[in-house]
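Enquirer: dropping the sequence and predicted coords here.
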Amino acid sequence: MGGCVKAVRVHEFGGSDQLQVEEVPCLVPGPGEVVVSIKAAGINPVDTYIRNGTYALRPALPYIPGIDGAGVVSQIGTDVEHLAPGDRVYVSLPMSGTYAEQCLCGANNVYPLPENASFEQGAAIGIPYLTAYRALFHFAQARAGESILIHGASGGVGIASVQFARAHGLQVLGTAGTEKGRGLVLESGAHHALDHTSATMAQQILALTGGTGPDVILEMLANKNLANDLAMIAKCGRIVVIGNRGPAEVNMRDAMEKGITIFAMVLFNATPDELDEGHAAIRAGLELGTLKPVIGTTFELQRAWAAHDAVLSQAGGAAGKIILLP
């Protein structure tokens, strides 16, 4: 197929100004591959870490960013039987980046997008909802009837965690730095939304959990909060570190005296079977309506740099998922 499509490419690691829109050749699927016409791409914090060269994963330059997206199947390669041109899908961990009008994927990394979900919502699914599922159920082993504190609950992973936890029968407490964010946390199913800038937040959490503290804490900024988490969590509680931006100084005696378990997770360590389990749970939740990705700001393709800047500047004040529209 001739012609060209637009895509964002990075030629050198560095700031957001490295995100440049260019024309690239149209994609052609090989055996077991699919080309998806991207209608929306999800912006994840990890995209910014990869772009500036500080992440462990350093793709060969030049590269097209983006590991989440949604759209319509446009072409299928040989040996692909469960997909057809015209199918509405979301993609996660594709072969080529989603900041583009087209994306090349392995057929096993393309998933049906229910009709009740928009393309923007589909682009908000992959990394955030898989991360939330893995943190809650593979690491924390969260159980119905337990209490959970979700830091940064108004962001992409936070909202996904709130929805999964509430549907699973937990008492859900979420934090956010703005009134709008706390409203989103409550709308997503949390029983309580707290201001994480408040000096009395820890006391509020203890009161809301009957003085025992939460059984589970999902931590999005461990370098800032981990010591406080150890002080407030329940005996034999579990803390899952999802995000961190520097050294964390803690007194491990606090963990030892309570018998706390601290997990540190990176989604990319998940096995194919674990990812398949997560996607099955996501599909069921979307179809039933228990999972509803919340969209924040959207940006046109040529403003990918602004989308990256927005992801980094919203720390503490997230209000839904940031989306790029090719």
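Expert: Great, that's in hand.
Enquirer: is it true that residue 289 touches residue 117?
Expert: No - contact between residue 289 and residue 117 fails when scored by C-beta atoms under 8 Å: they sit 9.7 Å apart. Yep, even glycine has a C-beta here, placed from its N, CA and C like the rest.
Enquirer: okay, now the domains of the chain?
Expert: Following automatic domain parsing, one gets these domains for the chain: 4-125+293-325, 128-268.
Enquirer: avg pLDDT for the first one?
Expert: Per-residue pLDDT over domain 4-125+293-325 has a mean of 94.
Enquirer: how about stretch 105-121: buried residues?
Expert: 105-107, 109-114, 117-121 (16 or more other C-beta atoms under 10 Å).
Enquirer: for the residue nearest to residue 87 when sequence neighbours are not counted, what are its contacts?
Expert: Using C-beta to C-beta, 6 or more residues apart in numbering and skipping the chain neighbours, the partner closest in space to residue 87 is residue 73 (4.4 Å). Residue 73 makes contacts with 34, 35, 36, 37, 83, 84, 85, 86, 87, 89, 110, as judged by C-beta atoms under 8 Å, 6 or more residues apart in numbering.
Enquirer: from those residues, which is closest to residue 301?
Expert: Nearest to residue 301 among the contacts of residue 73, counting by C-beta to C-beta, is residue 37 at 13.4 Å.
Enquirer: quick one: contacts for the closest one?
Expert: By C-beta under 8 Å, 6+ apart, the contact set of residue 37 is 71, 72, 73, 74, 101, 102.
Enquirer: try it again with 10 Å
Expert: Shown here is residue 37, whose contacts under the criterion C-beta atoms under 10 Å, 6 or more residues apart in numbering are 5, 71-75, 85-86, 89, 100-103, 326.
Enquirer: looking at these, which are in strands?
Expert: With strands taken from DSSP state E, the overlap with the contacts of residue 37 comprises 5, 71, 72, 73, 74, 75, 89, 102, 103.
Enquirer: is it true that residue 203 touches residue 232?
Expert: Yes - applying C-beta atoms under 10 Å as the test, residue 203 and residue 232 come out as touching, 9.0 Å apart.
Enquirer: the two: which is more packed in?
Expert: Between residue 203 and residue 232, counting by other C-beta atoms under 10 Å, residue 232 is the more crowded of the two (20 against 11).
Enquirer: next, give phi and psi for that one.
Expert: Here the main-chain torsion angles of residue 232 (degrees, to the nearest 10) amount to phi -100, psi -20.
Enquirer: any idea how far it lies from residue 7?
Expert: As defined by C-beta to C-beta, to the nearest Å, residue 232 lies at a distance of 46 Å from residue 7.
Enquirer: right, and residue 157 touches residue 163 too?
Expert: No - under the contact definition of C-beta under 10 Å, residue 157 does not touch residue 163, with a separation of 11.0 Å.
Enquirer: out of these two, which sits in the busier spot?
Expert: Neighbours were tallied for residue 157 and for residue 163 using other C-beta under 10 Å; the higher tally belongs to residue 157 (26 against 22).
Enquirer: hang on, the more buried one in a helix?
Expert: Yes - counting by DSSP: H, G, I helix; E, B strand; the rest coil, residue 157 is part of a helix.
Enquirer: ok, now which ones touch it?
Expert: Listed by C-beta under 10 Å, 6+ apart, the contact partners of residue 157 are 44-45, 127-132, 135, 150, 218, 220, 242-243, 267, 318, 321.
Enquirer: please repeat the previous calculation with a cut-off of 6 Å.
Expert: Neighbour list for residue 157: 128, 131, 132 [criterion: C-beta atoms under 6 Å, 6 or more residues apart in numbering].
Enquirer: got the buried residues for the lengthiest helix in the chain?
Expert: As assigned by DSSP state H, the longest helix anywhere in the chain is helix 272-288. Neighbour-count burial for helix 272-288, with 16+ other C-beta under 10 Å as criterion, is recorded at 274, 275, 277, 278, 279, 281, 282, 283, 285, 286.
Enquirer: now do stretch 95-108
Expert: Counting neighbours by 16+ other C-beta under 10 Å, one finds that the buried residues in stretch 95-108 are 96, 97, 98, 99, 100, 101, 102, 103, 104, 105, 106, 107.
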